[in-house]
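Undergrad: Need the 3D shape of this:
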Amino acid sequence: MTRTIKYFLFSLIIIPISAQAGDWDWNPRLMGEIELETEFGRNYDTDPAYTSRTSNNLFSECDDCIFRMRFTSALTATLNVGFEPLHEEIETGDVQGGNVPNIIYNSMILYVKEAFIRYQNNRVGREIGIDEIGFFGGKFNSTFGLQNGGLREENEFPGIFSEEFLEDYEHEELIGFGGEVAYKHRLLGNHSLTAAAFYEDNSFLNKTAISNRYRNHTWRGGASNTGSPNSFFLTLEGEDMTFLQGVRYEIGVRHLHRGYCETPNRFTYPAPFAICRQKEGLRPTGSETAYAIGLVYNKAFFFDRKKFQHPLDMKFMFEFAKFNHWAGASSVFKQNRHYITSSLRGRYGKTDLSFNHSRRYIDIPHRFISDDEIEDLEDNMGVEPEIDKDHGSDIFEVNLAYRFNPNWSGSISWATMQEMEERIHLDSNNIGMQLNYRYFF
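TA: Modelled structure (predicted):
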């Protein structure tokens with residue numbers, strides 16, 4: 001707790017005190033946005049290898065419950081409250097091996113997603129050749145990847161099932177501090193660089209209400225769960241370039257420092273490694289390094305206004321992300337992963353139609369480990385190492401959405417999920433419906 005408070009206070013101290021008086025025009029104002037989603041998903045026509053042939057899932061969540069207190073034109077405090085089910089997977093209806101065919105508002109939790117202070121100044125920045133400079137500190141989410149921050153809402157992939165793989169590398173509830181700089185040029189466009197140092201939240205803000213989840217502690221292990229801000233991410237994004245009209249980009253780098261374990265179980269098989277034995281399983285104690293690049297292209301087509309009331313707005317999105325030592329796993333547990341996500345969306349008036357594809361490939365390098373060593377791990381640690389079991393999964397989705405008014409919208413999606421493991425296809429079909437309500441104040 002003391003360390004958490006210390007780094008939070010440090011992040012506030014770095015706010016420049018040399019700002020001009022105009023930045024401190026004290027005028028408190030509460031702003032925010034509320035976005036509520038109610039989603040129904042049905043998994044059907046699954047492969048017989050799945051534990052559940054058909055499943056239904058119904059839940060609601062506060063996708064964005066953000067409250068911003070603007071103290072001055074430069075200083076704001078943000079609170080992001082999460083309200084969602086602890087488990088919302090709808091592929092097979094198998095919740096933690098429980099084989100639950102109907103999952104209705106299962107284990108709803110209420111918690112603090114983000115609570116940070118941000119300072120942004122365009123006067124100080126211009127004095128050193130930068131259009132804007134900012135600092136932030138507290139509890140925040142990573143901006144690694146298009147879906148997980150970056151250029152925010154306009155970069156969210158359309159559809160209901162397009163998030164299934166992207167959520168694998170969401171990284172939320174981080175404690176730390178960071179900064180951002182923005183540069184604008186009439187020809188070169190607008191570009192910004194964000195950097196932050198962090199660790200996974202292990203403070204009182206990690207608690208939940210309504211239902212309980214495991215409280216995070218450093219002894220649980222896991223990459224970036226260190227109690228010190230020795231993990232980091234860097235994100236470079238830009239748009240409005242005259243030589244690339246309609247194109248936006250984002251490049252991200254993420255490093256998650258190896259976690260610690262008070263009582264590690266150590267082995268010396270192909271290479272030394274350590275894992276933590278905890279109630280919820282084994283936790284690796286290595287580091288993860290990841291890279292991501294995302295591209296967005298918008299193009300509007302205008303037709304004869306006598307026949308067509310609205311233009312056709314086309315949007316193409318693409319993201320590639322690669323992870324070395326996924327989740328910090330190493331030695332016989334090592335995984336490398338890469339994700340490819342693409343989307344083509346057409347909007348005419350209030351109607352959206354999109355076609356989405358997501359690809360997740362898990363590369364498990366060949367390991368020189370004997371059958372006796374595998375048996376020893378299974379008997380003594382209760383875990384089966386995946387030896388040479390590379391596999392990939394694909395999701396193909398068609399989504400139709402309609403905006404009823406500025407606050408209400410709805411969508412329906414159909415998706416097929418194709419999994420490949422040890423040259424065996426495991427397929428399933430899914431249908432989802434979603435009703436959204438959004439309110440700004």
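Undergrad: do you know how far the spatially most central residue of the chain is from residue 144?
TA: The centroid of the chain falls nearest to residue 170 when counting by CA atoms, centre = their mean (2.4 Å). According to CB to CB, to the nearest Å, residue 170 and residue 144 sit 9 Å apart. For every residue, glycine as well, the C-beta is placed using N, CA and C.
Undergrad: and if you look at residue 392?
TA: Counting by CB to CB - residue 392 and residue 144 are separated by 22 Å.
Undergrad: Show me which of those two is the more surrounded one.
TA: Set residue 392 next to residue 144 and count neighbours by other CB atoms under 10 Å: residue 144 wins out with 25 against 15.
Undergrad: Next up, the contacts around that one.
TA: 169, 171, 233, 235, 252, 253, 254, 290, 292 (CB atoms under 8 Å, 6 or more residues apart in numbering).
Undergrad: go again using 6 Å as the cut-off
TA: With CB atoms under 6 Å, 6 or more residues apart in numbering as the criterion, the residues that contact residue 144 are 233, 252, 254.
Undergrad: so which helix or strand takes in it?
TA: Under the assignment given by DSSP states H and E, residue 144 is not contained in any helix or strand.
Undergrad: Quick one, grab the pLDDT at residue 95.
TA: Listed pLDDT for residue 95 reads 44.
Undergrad: just the one 10 residues further on next, same as before
TA: In the prediction, the pLDDT value recorded for residue 105 is 76.
Undergrad: again with residue 219
TA: In this model, residue 219 carries a pLDDT of 72.
Undergrad: helix/strand/coil for it?
TA: Put simply, residue 219 is helix when judged by DSSP: H, G, I helix; E, B strand; the rest coil.
Undergrad: my guess is residue 237 contacts residue 248, does it?
TA: No. Judged on CB atoms under 6 Å, residue 237 makes no contact with residue 248 at a distance of 7.2 Å.
Undergrad: just the strands in the stretch 151-300 of the chain please.
TA: 174-185, 189-200, 231-239, 247-256, 265-268, 272-278, 281-284, 288-301 (DSSP state E, counting those that start in this stretch).
Undergrad: Which positions in the third one come out as buried?
TA: Residues of strand 231-239 classed as buried under the neighbour-count rule (16 or more other CB atoms under 10 Å) are 231, 232, 233, 234, 235, 236, 237, 238, 239.
Undergrad: What is it packed up against?
TA: If you count contacts as 3 or more CB pairs under 6 Å, 6 or more residues apart in numbering; DSSP states H and E, strand 231-239 packs onto strand 189-200, strand 247-256.
Undergrad: picking up where we left off before, quick one: which of the strands of the stretch 151-300 of the chain is nearest residue 159?
TA: strand 288-301 (15.3 Å; CB to CB).
Undergrad: tell me which element residue 309 is part of?
TA: Counting by DSSP H and E, residue 309 is part of no helix or strand.
Undergrad: roughly how far apart are it and residue 350?
TA: 11 Å.
Undergrad: which one of the two has more residues nearby?
TA: residue 350 (12 against 9).
Undergrad: For the nearest residue to that one once chain neighbours are set aside, name its beta-bridge partners.
TA: Spatial nearest neighbour of residue 350, chain neighbours left out: residue 403 (4.5 Å); criterion: CB to CB, 6 or more residues apart in numbering. Beta-bridge partners for residue 403, by DSSP bridges, are residue 409.
Undergrad: if I pick the closest residue to residue 319 other than its chain neighbours, what's in contact with it?
TA: Once flanking residues are discounted, residue 319 sits nearest to residue 294: 4.1 Å by CB to CB, 6+ apart. By CB under 6 Å, 6+ apart, the contact set of residue 294 is 146, 250, 319.
Undergrad: My read is that residue 230 contacts residue 255, right?
TA: No. Residue 230 is not in contact with residue 255 according to CB under 6 Å; the separation is 8.9 Å.
Undergrad: Quick check: phi and psi on residue 141?
TA: Residue 141 adopts backbone torsions of phi -110, psi 150, taken as degrees, to the nearest 10.
Undergrad: Ok, the one 5 residues further on next?
TA: Recorded main-chain torsions at residue 146 are phi -60, psi -50, according to degrees, to the nearest 10.
Undergrad: Can you read off the pLDDT for it?
TA: The predicted local confidence for residue 146 is 86.
Undergrad: what separates residue 220 from residue 175, distance-wise?
TA: 15 Å.
Undergrad: more crowded one of these two?
TA: residue 175 (27 against 20).
Undergrad: Contacts only, for the residue lying closest to the more buried one once chain neighbours are set aside.
TA: Excluding the flanking residues, the one nearest residue 175 by CB to CB, 6+ apart is residue 201, at 5.0 Å. With contact set as CB under 6 Å, 6+ apart, residue 201 has these partners: 139, 173, 175.
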